[in-house]
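# Give me a model of this one.
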Amino acid sequence: MGWKFYELDRIAQKLVIDARDRDGTKPKNQRSLPQAHKMRMAVAYGLERFWGEHLRLKDKEPNKSRFWEETWTAFVGIMKKTGVEIPDDAAAVMPEKLWALDLETQRVALAVLTQLCDATIWWTQRYKTGSLDDVD
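Residues are numbered from 1 along each chain as shown. Here you go, the predicted structure:
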């Protein structure tokens with residue numbers, strides 16, 4: 001079995017560039033890029049908690065919600081390339097489906113999600129525009 005490159009770094013870069021462009025000149029408390037650090041911390045709580053965060057933010061902070069949702073969608077796409085199907089269904093059934101994944105699939109998925117979040121943090125830091133309060 002040979003090494004397969006799943007482009008985590010490139011995907012993370014695109015996520016950050018898109019979020020940065022959406023953030024534009026929004027006030028600091030409305031910017032989505034600081035969410036990259038929160039995403040990385042959320043991985044420790046599992047797939048269901050990570051997935052659900054975009055719903056929690058949706059009405060109150062839609063820009064941040066979109067960054068979480070786009071990261072989840074990218075993660076699902078990466079996992080699909082590996083042959084692992086991660087559910088991406090309606091909110092009512094998602095927690096149950098994510099908890100139903102076998103333990104090995106959960107571990108692999110969390111490892112990949114961790115790496116995606118780490119790359120996202122790196123690109124977030126790389127694309128600071130120079131203002132000290134761009135990114136927490």
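
# contacts, neighbours, all on C-alpha from now
Will do.

# Give the closest residue to residue 51 in space, chain neighbours not counted.
Leaving aside its chain neighbours, residue 51 sits nearest to residue 72 (6.5 Å; criterion: Cα to Cα, 6 or more residues apart in numbering).

# Next one, pLDDT for that neighbour please.
Per-residue pLDDT puts residue 72 at 96.

# So it versus residue 57, what's the distance?
Residue 72 sits 14 Å away from residue 57, going by Cα to Cα, to the nearest Å.

# which secondary element of the chain has the worst mean pLDDT?
In the chain, the helix or strand scored least confidently by mean pLDDT, DSSP states H and E is helix 94-100, which has a mean of 92.

# List of residues touching it?
47, 48, 86, 87, 88 (Cα atoms under 8 Å, 6 or more residues apart in numbering).

# what do you get for stretch 59-66?
Here stretch 59-66 has contacts from 22-23, 30-33, 35, 53-58, using Cα under 8 Å, 6+ apart.

# Now list the buried members of those residues.
The neighbour count (16 or more other Cα atoms under 10 Å) marks 22, 23, 31, 32, 33, 35, 53, 54, 55 as buried among the contacts of stretch 59-66.
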